[in-house]
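[1] structure for this input, please:
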Amino acid sequence: MTAERNGILLAGNVIADYIKTIDTYPTIGMLSNVTEVSRSVGGCVPNTAINLAKIDPTMPLFAAGRVGDDENGRFIIEQLNAYGISTEEISVSPTASTSFSDAMSLRSGERTFFHCRGANSEFGPEHITPENWTCRIAHFGYVLLLDRFDQAEETCGTVMAKTLQAVQALGIKTSLDAVSDSSGNFPKTLIPALRYCDYVILNEIESCSAWGLSPRTADGRLDEQNVRSAIRRMAEAGVKEKIIVHAKEAAFICNVADGQITVLPSLKVPAEEIVGSTGAGDAFCAASLYGLYHGYADRDLLEFASAAAVCNLTRDNAVDGMKPAAEVAEIAKTYPRLSLESVVG
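    Below is the predicted model:
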């Protein structure tokens, strides 16, 4: 059955994003001007699936999640269907609203999210049927933002871990990412799932927070040694094949079989070309999954994924900037890369 599997399934958060461009981030009690407002799909499932569809329209793609019986839910399903993405595994809640986020985005690229969990908080194992899946890779996201899957479970540690175990047993490769939730318990929620993952794709905050490490040095630079330490610990926790960690300044990939870690600095994009960074992590994730699916060499995968993230920076939402695979590969040759010494400590 494994040899016959094709495509990638994205399971987890389904969100409507309201992108609000602001001129400054205010302190409590102060005013900031909203200069632009737009709505788009958001969350791991729509962002990653649509980005993958734009990278390669021929790839079979499947979405699994939960929405409300409302206009936002219908909007998201319509958007997914427009790209040929199967939505048979998206269920509709009769009571909860579709999850939404207000993404406050500065012109410089930084953004802050205000999130309503909505129907995502109901999404659980009973809403999916892995035994019917025909995909080769199933990617789940986001840990710390899926209340049912984040719950403790006796045999595997969390419901997410138990679900990943069941999916792996079917011969499907499993992949996982998380969300940078300042109130979450990364060690309790993330670590149990690692032993049932073939791939993990996280940012520097999520990967380091699982082990109580700071992702940055006192002067604000990326702490390379702590990121490397977090990667090694994730490998020891049971991730089977690849561990990918991305940050604004650089990305890391570990081949678990031999422990080799490859580091690649980010592309140097002029500030005037950056419109926003909402969904940049999902763009990087989509390209990483594409590279994993096609067996890219580690450095080639990071080059491709970093270029996909640049595509994202040219638009104010999470999907409009993505381009076909050949164009993404060309972008990797268009810009110089940052000096690694200048951005890591």
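
[2] per-residue pLDDT, the nearest residue to E303 once chain neighbours are set aside?
    Once flanking residues are discounted, E303 sits nearest to A332: 4.7 Å by Cβ to Cβ, 6 or more residues apart in numbering. From N, CA and C alone the C-beta is placed, and that goes for glycine too. pLDDT recorded at A332 is 92.

[3] I figured A332 was touching S306, is that so?
    Yes. Here A332 reaches S306: they are 6.8 Å apart, a contact under Cβ atoms under 8 Å.

[4] who's more crowded, the two?
    S306 (25 against 19; other Cβ atoms under 10 Å).

[5] circling back to that earlier point, intersection of neighbour lists for A332 and S306?
    L267 (Cβ atoms under 8 Å, 6 or more residues apart in numbering).

[6] run through the protein and note the low-pLDDT ranges.
    Along the chain, the model assigns pLDDT under 70 to residues 1-3, 109, 182-184, 276, 278, 316, 318.

[7] so K323 sits against V310, correct?
    No. Assessed by Cβ under 8 Å, K323 is found out of contact with V310, at 9.9 Å.

[8] what is in contact with the two at once?
    In contact with both K323 and V310: I331, using Cβ under 8 Å, 6+ apart.

[9] going by how many neighbours each has, rank those two and give me the top one.
    Each of K323 and V310 has its neighbours counted (other Cβ under 10 Å); V310 has more, 24 against 18.

[10] ok, longest helix in the protein?
    helix 298-313 (DSSP state H).

[11] who's in contact with the helix or strand just after that one?
    Sequence order places helix 325-334 as the next helix or strand after helix 298-313, per DSSP states H and E. If you take Cβ under 8 Å, 6+ apart as the criterion, helix 325-334 is touched by 55-56, 267, 287, 290, 303-304, 306-308, 310-311, 322-323.

[12] wait, what's in contact with the residue sitting nearest the centre point of the chain?
    Nearest residue to the geometric centre of the chain (Cα atoms, centre = their mean): D282, 4.0 Å. Contact analysis of D282 by Cβ under 8 Å, 6+ apart lists 44, 47-48, 51, 312, 318.

[13] how many neighbours does V319 have?
    Quick note: V319 (other Cβ under 10 Å) scores 27 neighbours.

[14] swap in E204?
    Count around E204 with other Cβ under 10 Å applied: 26.

[15] with S86 instead?
    Neighbour number of S86 under other Cβ under 10 Å is 18.

[16] that one touches F62, doesn't it?
    Yes. Assessed by Cβ under 8 Å, S86 is found in contact with F62 at 4.5 Å.

[17] helices along the stretch 151-300 of the chain, start to end?
    For the stretch 151-300 of the chain, helices defined by DSSP state H, counting those that start in this stretch occupy the ranges 159-169, 186-194, 204-209, 224-236, 280-293, 298-313.

[18] and these: which comes nearest S339?
    Nearest to S339, of all the helices of the stretch 151-300 of the chain, is helix 224-236, at 13.1 Å by Cβ to Cβ.

[19] output that closest one in PDB with nothing but the alpha carbons.
    C-alpha atoms of helix 224-236 as PDB (Å, rounded to 0.1, in the frame of the first residue of the first chain):
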ATOM      1  CA  GLU A 224      23.100  28.800  16.900                       C
ATOM      2  CA  GLN A 225      24.400  26.600  19.600                       C
ATOM      3  CA  ASN A 226      21.000  26.500  21.400                       C
ATOM      4  CA  VAL A 227      19.200  25.700  18.100                       C
ATOM      5  CA  ARG A 228      21.700  22.900  17.400                       C
ATOM      6  CA  SER A 229      21.100  21.600  20.900                       C
ATOM      7  CA  ALA A 230      17.400  21.600  20.400                       C
ATOM      8  CA  ILE A 231      17.700  19.800  17.200                       C
ATOM      9  CA  ARG A 232      19.900  17.100  18.800                       C
ATOM     10  CA  ARG A 233      17.400  16.700  21.600                       C
ATOM     11  CA  MET A 234      14.500  16.300  19.100                       C
ATOM     12  CA  ALA A 235      16.500  13.600  17.400                       C
ATOM     13  CA  GLU A 236      17.100  11.800  20.800                       C
END
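
[20] list the helices and strands it packs on?
    helix 204-209, strand 242-246, strand 250-255, strand 260-265 (3 or more Cβ pairs under 8 Å, 6 or more residues apart in numbering; DSSP states H and E).
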